[in-house]
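> The sequence and its predicted three-dimensional model are supplied below.
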Amino acid sequence: MSKSNSPRARDIIAAVAETQHLEGDLVEAGVYRGNSAKIICEVKGGKPLHLFDTFEGLPGSMFEPIDSSTKEARRQLSPGKYMASLLEVKENLKQHKDVFYYPGIFPETAKPLKNKTFAFVHLDLDLYRSTLEALKFFYSRLNVEGIIISHNYTNMPGVKRAFEEFFKDKPEKIKEISSTQCLIKKLRS
């Protein structure tokens with residue numbers, strides 16, 4: 001995401017703003033170069049932002065057959081793709097405070113946050129298992145009226161399947177929004 005006026009960026013800005021009154025921290029899982037994290041930082045106020053990424057690109061150990069089940073997915077996804085170093089991301093976000101980094105494979109890296117609650121979660125994980133693990137971890141810790149936005153919902157089959165499976169027995173409806181994204185707003189605890 002390169003421009004803060006893109007539809008994707010506007011959706012993220014609106015969701016962070018909508019959750020400002022809620023208790024809880026902010027999260028991004030799947031950081032790449034930190035461009036969307038930078039947009040979150042610009043509107044997050046004093047809330048902490050937790051950033052999860054391998055900082056080594058897409059982890060080959062997390063690929064499932066569903067992830068490469070379409071031509072577009074095969075073209076866009078491969079182990080190591082979307083690699084940006086932790087140093088590069090820190091440099092991109094150096095002017096922002098209360099940003100915390102968790103390099104490695106999720107959900108192992110999330111253990112320090114097991115007792116936290118969240119107001120906003122942005123997922124850009126591209127893969128089925130990564131997305132499903134993030135939903136399992138963050139949904140139960142998301143405050144009522146908290147928002148989860150995921151990138152690549154409409155164009156990555158693994159992301160879509162993870163959302164559909166996870167929310168099939170939940171009260172929230174998955175809402176498609178601009179630029180391949182989806183959003184859920186938590187209805188109850």
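Okay, I see it. Everything numeric here is computed off the predicted structure, so don't read it as measured data. Residues are numbered from 1 along each chain as shown.
> what ranges do the strands span in the chain?
Under the criterion DSSP state E, strands of the chain are mapped to 25-29, 49-53, 99-103, 118-123, 142-150, 175-176, 182-185.
> Mean neighbour count, those: which tops it?
Of all these, strand 118-123 carries the top mean neighbour count, a mean of 27, counting by mean count of other Cβ atoms under 10 Å. Every C-beta, even on glycine, is put in place using the N, C-alpha and C of the backbone.
> Figure out how far that one is from the centre of its chain.
Relative to its parent chain, strand 118-123 has a centroid offset of 7 Å by Cα atoms, centre = their mean, to the nearest Å.
> mean confidence for that strand?
Looking at strand 118-123 alone, the average pLDDT works out to 98.
> Other residues contacting that strand?
The set of residues that contact strand 118-123 without belonging to it, under Cβ atoms under 8 Å, 6 or more residues apart in numbering, is 12, 15-16, 19-20, 22-30, 36, 40, 47, 131, 134-135, 138, 141-143, 146-151, 159.
> how about 7 Å then?
Applying Cβ atoms under 7 Å, 6 or more residues apart in numbering, the external contacts of strand 118-123 come out as 12, 15-16, 19, 22-30, 36, 40, 131, 134, 138, 141-143, 146-151.
> State the distance from the nearest residue in space to Asp53 that is not next to it in sequence to Thr19.
Counting by Cβ to Cβ, 6 or more residues apart in numbering, Asp53 lies nearest to Val31, which is 4.0 Å off, once chain neighbours are set aside. Between Val31 and Thr19 the computed distance is 19 Å (Cβ to Cβ, to the nearest Å).
> Thr117 too?
Counting by Cβ to Cβ, the gap from Thr117 to Thr19 is 12 Å.
> ok, now which ones touch the most far-flung residue of the chain relative to its centre?
For the chain, the C-alpha lying farthest from the average C-alpha position belongs to Lys71; by Cα atoms, centre = their mean, that distance is 23.4 Å. With contacts taken as Cβ under 7 Å, 6+ apart, Lys71 has no neighbouring residues.
> do you know how far it is from Ser78?
14 Å.
> With His151 instead?
Taking Cβ to Cβ as the measure, His151 and Ser78 are separated by 18 Å.
> Quick check on these two: which one has the bigger neighbour count.
Under the neighbour definition other Cβ atoms under 10 Å, His151 and Ser78 were set side by side, and His151 has more, 24 against 13.
> Now do the same contact list for the residue nearest to the more buried one when sequence neighbours are not counted.
Excluding the flanking residues, the one nearest His151 by Cβ to Cβ, 6+ apart is Asp124, at 4.2 Å. For Asp124, the contacting residues are 30, 36, 151-152, by Cβ under 7 Å, 6+ apart.
> Equivalent analysis for Phe52, please.
29, 102, 106, 109-110.
> May I see those organised as CSV, with distance to Gly60 added?
Rendered in CSV, the data for those read as follows (distance: Cβ to Cβ, whole Å):
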residue, distance to Gly60
Ala29, 18
Tyr102, 20
Phe106, 15
Thr109, 17
Ala110, 20
